[in-house]
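Peer 1: next input, structure requested:
(chains A, B and C)
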Amino acid sequence: MSRTITRHPGLNLGPAHDDDATDVREELVFGFWVFMMSDLIIFGMLFATYVTMLGATAGGPTPHDVLDIRPAFTETMLLLASSFTFGMASLALKYRQGRRHLVGWLLVTLVLGLAFVGHELHEFVSMFHAGYVPSRSGYLSSFFSLVPLHGLHVTFASLWLIAILFQIAVYGIDSQVKNGLLRLAILWHFLDIVWIGIFSLVYLGGAA
Amino acid sequence: MTVTEILFGRLGWDALPFWHMLQNPTFKSVINDLIASGAGLMVVLGALVVVAGVSWLGKWGYLWREWLTSPDHKRIGIMFIVIALVMLARAIVEAVFMRAQQAVGLNGGFLTAEHFGQLFTTHGTIMVFFMGMPFLTGVINYVMPLQIGARDLSFPVLNLVSLGLTAAGAALVMVSLVLEPFSTGGWTGYAPFTELSYNPGAGVDYWIWAVSLSTFSSTLSGINFAVTIYKKRAPGMTLFRMPLFTWTALCTAILMIFGMPPLTVATGLLALDRYLDFHMFTTDLGGNMMNYVNLFWAFGHPEVYILILPAFGVFSEVFATFSGKRLYGYTVLVMATICIAVLSFTVWLHHFFTMGQSANVNAAFGIATMLIGIPTGVKVYDWMLTMYRGRVRMSVPMIYAVGFILLFVLGGMSGVILATPSVDYQVHNSLFLVAHFHNMLIPGVLFGMLAAVNYWFPKAFGFRLEERWGRRAAWLWILGFMLAFFPLYVLGMMGMPRRSVSFTNPAYLPWTVIAGIGALVALAALACLLLQLWVSVRDRDHNRVFAGDPWDGRSLEWATSAPPPEYNFPVIPEIYGRDAFMLEKDGGTPFQAPTQYQDIVMPANSAMGVIIGAAGFAAAFALTWYMWWLVVLSAVVMIGAAIARGFVRTTHYVISADEVRRTHEYWLREVEATTPIRRSQEQSGANRGRAVPPVEGAVQ
Amino acid sequence: MSYRQLSQEERQELGREQRSYLWGLGLSLLLTLLPFGLAAFTDMAHLTLWWIIGACALVQIVVHLRFFLHITLARNKREDLQLILFTVLILTLLCGGTLWILFDLYQRMMPNMMP
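Peer 2: From the prediction side, this is the model:
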């Protein structure tokens, strides 16, 4: 358990990283967390709407036909692993373990994130081939309005991670890079939490 | 696909407002297209006049540096309010046209159903998303940081982005006057009427993207306000020492954060239906339009309180200041505000009692709705008790405030009636409902915001608004409102449906005529408002209040010069209690020079707002007309700008302690040279912004 | 950021935090594998299975909040936790209300929409 005084959600860097920007950091990370909560309402409403559309199959494929928990399991593992590696990256940042360490963990995270997105895309393509397209039924529409939105989030998070890696290349690990990483970490872990909802409610709940 | 189709998508000559008239000239089409073309011409001329004016004055550089890219919360607040006023003018004119149509609407009238549909859709959309929201966002932006003793919002550049997005949405609605049509689906845009199969034109798409831009803007503003209030209060400013306006700003911000997402979902899913052939709300293949209604009102009801709470805050400040008393029941008012904010998430079903759910569901939401009446009633009593035994000065904000109390209570009563599901079954979708919500929103939002303008204008611009025209405007608003909307209660009880372009029952006619006259009175009120502005600017030298405290104010914003310096406070003040500035005046220690000045770090200018706003507008416009290349291009610009922003390292600049000292000492000398005036003189030219210190022992 | 040697105390702290992340990973794995395994390899009654899936998901969310996002009860600043609780309240109201309203409607008017 960290003894660092916590000033904002997520990992706190502690006094060793204090500089002029510490107050700014507190506001930035807290503000980002508030944004995540707002985003969570979007996902919440989509989840609720999805449940109300479970029966809207219009004579087409049912959840049981559509959902395959095998790709979902792989995706879950990829995302969970990436959450852990991002945590290691955060620790590398906090304990000043050097740029190579930090960038290394971030690259592993990025690869895992991109693998998740790629795998999910692959899953969607095979669903399309099987005729499970959103225009088939209200149920499939609600599936494709919920699950890909999460994937889109992961895509943007990966893009952000790439941008931060370039920032590290240009400026080193300066205060703004730290602020960016702290917020990105929150986004990353948050997306993992949303994914728990997706695999439990959509995949396991539907396939069972 | 031809090159034209690729470049312009489905945008063609038929989008011009006079096209139909040329193709098919009948009496009605000529009249309607002339009206539409006149409106379009106003937009084009307005834009040209602004561009020409700024060029003629050679002010482009000034406009860019000091306004469009300025992260100063005060400038951004003023720009928000300018957008709101422009949009208010348009929406009022539209209201006049609608009332005029219904005044002659027995078996006909002069507007086509299509045109009438666009009018009530744009009127509602503008009044909620592009008048109410920017207005309150602007006022909060300007006032809240001053009230809590902060130098700026937590995220000044994000604030610019919010402004850019709102401006983009407003511009999109304006452009829809030149390149028609706008949606006819009402401000609620109910599916399946707004689905592609029933509404294939560009109208609904304009509506979706305009509303989406506004939604993003408000969500970001909400986050900005909430974090600012949580993290940037001056030392000693505990939550329960904050002025009530700031409290309502906080609750509004929280409602924005949690209330806007359901709308994002609703419009987003509707867009998926329209663009990608989804079946969320369609009538076939399992679509369920009731989900749209549910999602829309899960946003819609918190939205009502987003609109009304800041007005409650403004009135609380106005009542206390112009009664010369402490606000009565501060803690209870805060509690009531919080209660309203939480309860607002429990009542959304009362917008669709008649959708078919069982009586138990209706009863639960009906009871929750009536519960909101309790904290609101508490507030009304607190305001009245604030006036009780005070020395009430009937200044312009106070006229609005008193008018608000009387009318708002009436509106609230009709709300309690509507909250009864069995009654709602009788009057739903009738003009009774229209009367009810205008009875809440005009005295609430509009009067509140106009009171705020009259109250804080001297702080923002350094001179008071002219009182005579202000009074005329206030009285005409009150009178115009009553004439325009009380007849609608009667019409609703007689069974006249809302949104009717014409009717066949002659018994409606007298009432629609009275309502039409009321609309003209409201138009006159708008004219008085503009005259008030013009006269005030003309006579500004007679009404200067540089010392900064023209109303013997109580909270911190009055403790600075008018207008305040960019950094608001030369030294962040220490707060020892509620009504911080009044405490200082009571203790005889206002206008102190600090022992030491320090360098002040302020956020640097940023073009992010303009870039995101312009790209957002381009994306929305391109999506509406299917110009896919422009959609991609503007998306790339937006993402590129966000990434590039991450590489900017000079995000601040420093104002030297010397300069701060010079500015502050100049102001202190001016304050010293200003003759203090009594409250009774505050409307005279003698009011230079300094009040006589409160007398020991007097009832304050 | 200049690389410098960690103090004794910092090293201990680092070890503690690494173990905390490992705990998070381990618990999450357990809470993922359990419902996936039950869904894939057993023939449990639907209702029991749904309850287990739901319970595991809720616990795992708490695990993530605790070990990855460092939201704890023992804080000097409770704003984050209050914010989460408030969000949960609003989510419950909005989602619960939505389900209640829509399924009530289905029952009365659109029985074919019942899953």
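Peer 1: only C-alpha atoms from now on, for both contacts and neighbour counts.
Peer 2: Noted.
Peer 1: need phi/psi at the residue of the stretch 1-150 of chain B found nearest chain C.
Peer 2: For the stretch 1-150 of chain B, the nearest residue to chain C under the criterion C-alpha to the nearest C-alpha is B:Ile148, separated by 18.7 Å. Torsion angles at B:Ile148 (phi, psi; degrees, to the nearest 10) stand at phi -100, psi 10.
Peer 1: cool, and B:Leu106?
Peer 2: phi -70, psi 110.
Peer 1: what does B:Arg151 give?
Peer 2: The main-chain torsion angles of B:Arg151 are listed as degrees, to the nearest 10 and equal phi -90, psi -30.
Peer 1: OK, contacts around the nearest residue to it once chain neighbours are set aside?
Peer 2: The shortest distance from B:Arg151 to any residue other than its chain neighbours is 5.2 Å, reached at B:Tyr567 (C-alpha to C-alpha, 6 or more residues apart in numbering or on different chains). With contact taken as C-alpha atoms under 8 Å, 6 or more residues apart in numbering or on different chains, B:Tyr567 is in contact with B:151-152, B:600, B:602.
Peer 1: for B:Asp658, same thing?
Peer 2: By C-alpha under 8 Å, 6+ apart, the residues touching B:Asp658 are B:597, B:599.
Peer 1: from chain A, how far out is it?
Peer 2: Computed as C-alpha to the nearest C-alpha, to the nearest Å, the B:Asp658 to chain A distance reads 21 Å.
Peer 1: that residue sits in which helix or strand?
Peer 2: Secondary structure from DSSP states H and E places B:Asp658 in helix B:657-673.
Peer 1: for the residue nearest to A:Phe144 when sequence neighbours are not counted, which three-state class applies?
Peer 2: In space, and not counting its chain neighbours, A:Phe144 is closest to A:Pro134: 6.2 Å by C-alpha to C-alpha, 6+ apart. Following DSSP: H, G, I helix; E, B strand; the rest coil, we place A:Pro134 in the coil state.
Peer 1: try C:Gln18
Peer 2: Secondary structure of C:Gln18, reduced to three states by three-state DSSP: helix.
Peer 1: so it touches A:Phe86, yeah?
Peer 2: No - with contacts counted by C-alpha atoms under 8 Å, C:Gln18 stays clear of A:Phe86, the gap being 11.9 Å.
Peer 1: which one of these two has more residues nearby?
Peer 2: The residue with the greater number of neighbours, taking C:Gln18 and A:Phe86 and applying other C-alpha atoms under 10 Å in any protein chain shown, is A:Phe86; the counts read 26 against 16.
Peer 1: residues touching the more buried one, list them.
Peer 2: Residues in contact with A:Phe86, defined by C-alpha under 8 Å, 6+ apart, are A:105-106, A:109, A:185, A:188.
Peer 1: that older thread, so the residue nearest to B:Arg151 lies in a helix, does it not?
Peer 2: No - per three-state DSSP, B:Tyr567 lies outside any helix segment and is coil.
Peer 1: next up, phi/psi of it, please.
Peer 2: Per-residue torsions, B:Tyr567: phi -90, psi 10 (degrees, to the nearest 10).
Peer 1: wait, the residue nearest to A:Phe144 touches B:Phe278, no?
Peer 2: Yes - using C-alpha under 8 Å, A:Pro134 and B:Phe278 qualify as a contacting pair, with a distance of 5.5 Å.
Peer 1: now do the shared contacts for these two.
Peer 2: Counting by C-alpha under 8 Å, 6+ apart, the contacts common to A:Pro134 and B:Phe278 are A:Ser141.
Peer 1: mind checking which of these two has more residues around it?
Peer 2: When A:Pro134 is set against B:Phe278 and neighbours are counted by other C-alpha under 10 Å, the residue ahead is B:Phe278, at 27 against 22.
Peer 1: distance check, the more buried one against chain A.
Peer 2: Noted for B:Phe278: a distance of 5 Å to chain A, by C-alpha to the nearest C-alpha.
Peer 1: which of the three states applies to that residue?
Peer 2: Using three-state DSSP, the secondary structure recorded for B:Phe278 is coil.
Peer 1: I'd say it and B:Leu272 touch.
Peer 2: Yes - contact status for B:Phe278 versus B:Leu272: in contact at 5.7 Å, counting by C-alpha under 8 Å.
Peer 1: so where's chain B shaky on pLDDT?
Peer 2: Counting by pLDDT under 70, the ranges of chain B that qualify are B:695-700.
Peer 1: for chain B, what's its nearest residue on chain C.
Peer 2: With distances taken as C-alpha to the nearest C-alpha, chain C approaches chain B most closely at C:Leu105, which sits 4.9 Å away.
Peer 1: so that residue, which state does it fall into?
Peer 2: State at C:Leu105, reduced to three classes by three-state DSSP: helix.
Peer 1: find the residue closest to it in space, skipping its chain neighbours.
Peer 2: Spatial nearest neighbour of C:Leu105, chain neighbours left out: B:Gln357 (4.9 Å); criterion: C-alpha to C-alpha, 6+ apart.
Peer 1: residues touching residue 104, list them.
Peer 2: You didn't pick a chain, so chain A it is. When contacts are counted by C-alpha under 8 Å, 6+ apart, A:Gly104 is found next to A:Ala89.
Peer 1: oops, I was thinking of chain C
Peer 2: In this structure, C:Asp104 makes contact with B:357-358, judged by C-alpha under 8 Å, 6+ apart.
Peer 1: please name every helix or strand in contact with the biggest helix by length in chain A.
Peer 2: Of all the elements of type helix in chain A, the one with the most residues (DSSP state H) is helix A:138-171. Contact analysis of helix A:138-171 by 3 or more C-alpha pairs under 8 Å, 6 or more residues apart in numbering or on different chains; DSSP states H and E lists helix A:22-52, helix A:99-129, helix A:175-197, helix B:628-646 as its packing neighbours.
Peer 1: buried residues in the shortest one?
Peer 2: In this case it means helix B:628-646. B:628-631, B:634-635, B:637-638, B:641-643, B:646 (16 or more other C-alpha atoms under 10 Å in any protein chain shown).
Peer 1: among the residues you listed, which one lies nearest to chain A?
Peer 2: Checking the buried residues of helix B:628-646 against chain A with C-alpha to the nearest C-alpha, the nearest one is B:Ile643 at 6.5 Å.
Peer 1: same question for stretch A:198-208, mean pLDDT?
Peer 2: Over the span of stretch A:198-208, the pLDDT mean works out to 90.
Peer 1: output it as PDB, restricted to C-alpha atoms.
Peer 2: The C-alpha trace of stretch A:198-208 is given here as PDB (Å, rounded to 0.1, in the frame of the first residue of the first chain):
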ATOM      1  CA  ILE A 198     -18.900  -6.000 -21.700                       C
ATOM      2  CA  PHE A 199     -17.500  -9.500 -21.300                       C
ATOM      3  CA  SER A 200     -19.700 -10.200 -18.300                       C
ATOM      4  CA  LEU A 201     -23.000  -8.700 -19.500                       C
ATOM      5  CA  VAL A 202     -22.700  -9.000 -23.300                       C
ATOM      6  CA  TYR A 203     -20.600 -12.100 -23.900                       C
ATOM      7  CA  LEU A 204     -20.900 -14.300 -20.800                       C
ATOM      8  CA  GLY A 205     -24.500 -13.200 -20.000                       C
ATOM      9  CA  GLY A 206     -25.600 -13.700 -23.600                       C
ATOM     10  CA  ALA A 207     -23.800 -16.800 -24.500                       C
ATOM     11  CA  ALA A 208     -24.700 -18.600 -21.300                       C
END
